[in-house]
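[1] Show me how the following folds:
(chains A and B)
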Amino acid sequence: DVKVTQSSRYLVKRTGEKVFLECVQDMDHENMFWYRQDPGLGLRLIYFSYDVKMKEKGDIPEGYSVSREKKERFSLILESASTNQTSMYLCASRMDRGPDTQYFGPGTRLTVL
Amino acid sequence: AQSVTQLGSHVSVSEGALVLLRCNYSSSVPPYLFWYVQYPNQGLQLLLKYTSAATLVKGINGFEAEFKKSETSFHLTKPSAHMSDAAEYFCAVSPGYSSASKIIFGSGTRLSIRP
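    Numbering: from 1, shown residues only, chains lettered A, B, ... in the order given. Reported below is the predicted structural model:
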């Protein structure tokens, strides 16, 4: 089975802190994604990566950056956390192409005070 | 631009009744379409997907969806609801075959099952 793991299930940070969310997949997938999920808004894509060291902005990249130094790991960075970044963050991976299934991690619920 | 619209943010049905969750898409190229389910406190998992083979797609847990190009729809159905079907359901479209294709998700439909 494909496994996507996220470093924390729950995280509480203060405004202005730098926050790292880590995601690891164990199936040698090419593509990895970061979403945030908010009630009534569904999943919104923050960034995705289709290869090591490659990244593309999604629909809401402002206030976030990403890093993919190794194929299995995709990190989401909040340079200076703000209260409007309180949300559920979901990581996903996909083998390669458009019709391939995305596999999701369990999510990290981030609260910024 | 590609988009997905899910009609109804919340659907409630009785146990044993038909489940119908609606999804309409917009895509400038032949789409790949997905339904994902999210149980409480979990990530999303794939229910089924359409990849231009058969238009009627069968998925897990008795769910199926039919791709109707003329109506730009991909509605999800299940003949008889079970209490364990209570979850949030997301329709999604991937508008291209390339490795750089993003998946676009709808806003989700929460399904409740009445005893």
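[2] interface residues of chain B facing chain A?
    Residues of chain B lying close to chain A (C-beta under 8 Å from any C-beta of the partner chain) are B:9, B:32, B:34, B:36, B:41-46, B:49, B:51, B:90, B:94-108. To be clear about C-beta, it is placed using only N, CA and C from the backbone, and glycine gets the same treatment.
[3] Return a ChimeraX selection command for the buried portion of those residues.
    The following ChimeraX line selects those of the residues of chain B next to chain A that are buried, judged by 16 or more other C-beta atoms under 10 Å in any protein chain shown:
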select /B:32,34,36,43,44,46,49,51,90,94,95,96,97,99,101,102,103,104,105,106,107,108
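[4] Strands - which of the residues of chain B next to chain A land there?
    Using DSSP state E, the subset of the residues of chain B next to chain A located in strands is B:Tyr32, B:Phe34, B:Tyr36, B:Leu44, B:Gln45, B:Leu46, B:Lys49, B:Phe90, B:Ser94, B:Ile104, B:Phe105.
[5] Mind checking the pLDDT average for stretch A:80-95?
    Across stretch A:80-95, the average pLDDT comes to 96.
[6] right, is it up against chain B?
    Yes - Stretch A:80-95 comes into contact with chain B (C-beta under 8 Å from any C-beta), by way of A:Leu90, A:Ala92.
[7] so how far is A:Gly105 from the residue nearest the centre of chain B?
    The residue lying closest to the centre of chain B (C-alpha atoms, centre = their mean) is B:Trp35, at 3.2 Å. Counting by C-beta to C-beta, to the nearest Å, the separation of B:Trp35 from A:Gly105 is 19 Å.
[8] for B:Ser70, same thing?
    Distance of B:Ser70 to A:Gly105, given as C-beta to C-beta: 37 Å.
[9] And the two? Which one has more around it.
    More crowded of B:Ser70 and A:Gly105, by other C-beta atoms under 10 Å in any protein chain shown: A:Gly105, with 25 against 5.
[10] residues contacting the more buried one?
    Residues near A:Gly105 by C-beta atoms under 8 Å, 6 or more residues apart in numbering or on different chains: A:Val4, A:Thr5, A:Gln6, A:Cys23, A:Leu90, A:Cys91, A:Ala92, B:Gly43.
[11] Surely A:Asn84 forms part of a strand?
    No - with DSSP: H, G, I helix; E, B strand; the rest coil as the criterion, A:Asn84 is located in helix rather than a strand.
[12] Same list (the contacts of A:Gly105) but as TSV, adding distance to A:Leu78 and secondary structure.
    Output for the contacts of A:Gly105, formatted as TSV (distance: C-beta to C-beta, whole Å; DSSP: H, G, I helix; E, B strand; the rest coil):
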residue	distance to A:Leu78	secondary structure
A:Val4	20	strand
A:Thr5	19	strand
A:Gln6	14	strand
A:Cys23	14	strand
A:Leu90	15	strand
A:Cys91	14	strand
A:Ala92	18	strand
B:Gly43	20	coil
